[in-house]
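>>> how would this look folded up:
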Amino acid sequence: MPRHRFGLIAAAILCATHLPWALAQSPATPATWPSKPLRIVVPYPPGGSSDIIARAISQPVSAALKQPVVIDNKPGANGNMGTDAVAKSTDGHTLLLCDVGALAISPSVYSKLSFDPSRDLRGAAMLAYSPHLLVVHPSVSANNLGELVALSKNSKLDFAVTAIGSAPHLAGVAVEKATGARWEYIPYKGGSQAISDTIAGQTQVLMNGMLATLPFVQSGKLKVLGVSKATRVPLLAQVPTLQEQGVQGFESGTWQGVLMPASTPPAVLAKLSAELTRIIRMPEVRERLVAQGAEVHTMNPAEFGAFFERERRHWATVVAQGGVKLD
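Numbering: from 1, shown residues only. Here you go, the predicted model:
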């Protein structure tokens, strides 16, 4: 066989054997993405605010992007375990849906993290916000923040938190410092577990996102004493804000957003952002969430990134003031 023909055949074989690898390594584009099922990682147990939102959007996302959507609850280490899994994922089809505030807190609270949220993740879209509710077990005699603070000064009250260093924990620390209250913080592995133990009377006080907590207030299983928002919320119009009750300038809550690994092509991130924003604004989705106490609050990737950095700086100050640090 002539040498040049052998060279052409060898080159053809080489191209053929490397073609699947080349296709697999070629970057995703909006036209080709998604090419397989999507996995939404919620780094908390089922039943919390992030889980509720993930399940509210999963079917519409599946219909819009023409791929199955799987919700994967991966709790652990105050959300860091599931977040780390997404930050290190390379399949291009793994999403993180979490409390963005909690994510912004982690770099200040943990001396060692296996990921850097600012470096390893990119925000696709902000979806919703719900303020924290300050609630107590119905047996607690206090009917407002002042009475609760007075009770705590007589004897420390068990204060359930989703985790040490979480946004509800730091909100509790802020209220404690502003009022002179005395809490004994009891950490849990997620909001749903903290709620369950407060309902059972194992703990007396809880601050948690309104989205997950409101149903238990409405059923009488928990008593609400305040809302951590600048203005009252329509669903609880009779409940004063914590600012009205003397905690000046105080506002806290849970911000649910979707992120992907930093390696995600910007065009894919933009496509996902547009679809998520459209879906969360759909009347049936919006009305379902609003009825549960969440406000639809959207941001595109650029707005999301700027918001995250503001949150990171804000919580770094709160953490430093509260002296909260975990290894």
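
>>> how near is T241 to N144?
Here the criterion is C-beta to C-beta, to the nearest Å. By it, T241 lies 12 Å from N144. Quick note: C-beta positions are derived from backbone N, CA and C, even for glycine.

>>> Oops, could you answer that again for W255 instead?
W255 is 27 Å from N144, by C-beta to C-beta.

>>> try E311
Distance, E311 to N144, using C-beta to C-beta: 29 Å.

>>> same question, A77
Counting by C-beta to C-beta, the gap from A77 to N144 is 35 Å.

>>> who's more crowded, those two?
Between A77 and N144, counted using other C-beta atoms under 10 Å, A77 has the larger neighbour count: 18 against 14.

>>> all helices in the chain, in order from the N-terminus.
Listed in chain order, the helices found in the chain under DSSP state H are 3-25, 49-65, 80-87, 100-109, 117-120, 145-154, 167-179, 191-199, 210-218, 266-280, 283-290, 301-322.

>>> residue ranges with poor pLDDT in this structure?
1-28, 327 (pLDDT under 70).

>>> How is it divided into domains?
Domain assignment for the chain by automatic domain parsing gives 38-129+253-322, 131-236.

>>> next one: the first one to chain centre, how far?
The gap between where domain 38-129+253-322 is centred and where its chain is centred comes out at 6 Å by C-alpha atoms, centre = their mean, to the nearest Å.

>>> tell me the contacts of the spatially most central residue of the chain?
By C-alpha atoms, centre = their mean, the chain has its centre lying nearest to D99, at 1.5 Å. When contacts are counted by C-beta atoms under 8 Å, 6 or more residues apart in numbering, D99 touches 44, 49-50, 79, 167, 209, 254-256.

>>> now with 7 Å?
Counting by C-beta atoms under 7 Å, 6 or more residues apart in numbering, D99 makes contact with 49-50, 167, 254-256.

>>> For these, which single residue is the most surrounded?
Per-residue neighbour counts (other C-beta under 10 Å) across the contacts of D99 peak at S50, which has 35 neighbours.

>>> Give me the distance between it and M126.
As judged by C-beta to C-beta, S50 and M126 stand 13 Å apart.

>>> ditto for S141
According to C-beta to C-beta, S141 stands 39 Å off from M126.

>>> more neighbours, the two?
Legend: neighbour count by other C-beta under 10 Å for S141 and M126, higher for M126 (25 against 10).

>>> The residue lying closest to that one once chain neighbours are set aside and G305, how far apart?
Distances taken as C-beta to C-beta, 6 or more residues apart in numbering place M299 nearest to M126, at 3.7 Å, with adjacent residues excluded. M299 is 9 Å from G305, where distance means C-beta to C-beta.

>>> How about Y129: what's its closest non-neighbour residue?
That would be H297: by C-beta to C-beta, 6+ apart, it lies 4.4 Å from Y129.

>>> got it, and L276?
Spatial nearest neighbour of L276, chain neighbours left out: A125 (4.1 Å); criterion: C-beta to C-beta, 6+ apart.

>>> neighbours around G323, how many?
The number of residues packed near G323 is 7, by other C-beta under 10 Å.

>>> for P30, same thing?
For P30, the number of neighbouring residues by other C-beta under 10 Å comes to 13.

>>> That one contacts S273, correct?
No: in this structure, P30 is not within contact of S273 by C-beta atoms under 7 Å, at 11.2 Å.

>>> Nice, that's everything, thank you.
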